[in-house]
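Novice: just need the structure, nothing else, for what follows:
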Amino acid sequence: MFRYLSQPSGSQSDPQIHLTINDREIRVPAGTSVWAAMAQAGDTVTRLSPVTEQERSAYCAMGVCFECLVEIDGMPNRQACLTQVCEGMSVKRQEITQTSDAFADVSGNNAVQYQEGQ
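Specialist: Reported below is the predicted structural model:
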C-alpha cells in the first residue's frame with residue numbers, strides 16, 4: 001500500500017525505531033509518522049466510530065480531519081499522522097465508548113465534571 005519513494009543513500013540505512021502497534025512489534029526508519037508506521041504494518045484502522053461503529057482511518061494525513069486518532073502510550077486522542085515514532089512507543093487502536101477517557105475528552109464531559117467538583 002505505502003512504500004518509500006527512494007532508499008536511503010550510502011551504505012547505511014536510517015536508524016530503525018522499534019515500536020508496538022496493536023500488540024505487534026515492528027521496526028520503521030526514524031522520522032516516520034505513526035500513521036505511516038501503521039500503514040507499513042498493514043494495520044490502517046485507527047478507531048471505530050462511536051456512533052455507527054464503522055472503521056475509521058486517516059483521511060487527509062496532514063492533521064486536518066482528526067480521523068487518525070489513536071492511543072499512544074496510554075494517552076487517547078493523539079493524531080497518528082502528525083506524531084513521529086519514538087523508540088519503545090506503544091500505539092493502540094482507540095476504543096471510544098461513552099465511558100472511555102477518549103469520549104470524555106472529545107465530548108467535553110471531562111470539563112463539566114471538573115467544574116462541578118470545584
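Novice: burial count for Glu71?
Specialist: When neighbours are defined as other Cβ atoms under 10 Å, Glu71 has 22 of them. Every residue, glycine included, has its C-beta placed from N, CA and C.
Novice: excluding chain neighbours, what is closest to it?
Specialist: Nearest residue to Glu71, sequence neighbours excluded (Cβ to Cβ, 6 or more residues apart in numbering): Lys92, at 4.5 Å.
Novice: which element is that neighbour on?
Specialist: Assigned by DSSP states H and E, Lys92 belongs to strand 90-93.
Novice: next, the buried residues of that strand.
Specialist: For strand 90-93, the neighbour count (16 or more other Cβ atoms under 10 Å) marks 91-93 as buried.
Novice: if you count contacts, what does it end up packed against?
Specialist: Packed against strand 90-93 by the contact rule (3 or more Cβ pairs under 8 Å, 6 or more residues apart in numbering; DSSP states H and E) you find strand 16-21, helix 34-40, strand 69-72.
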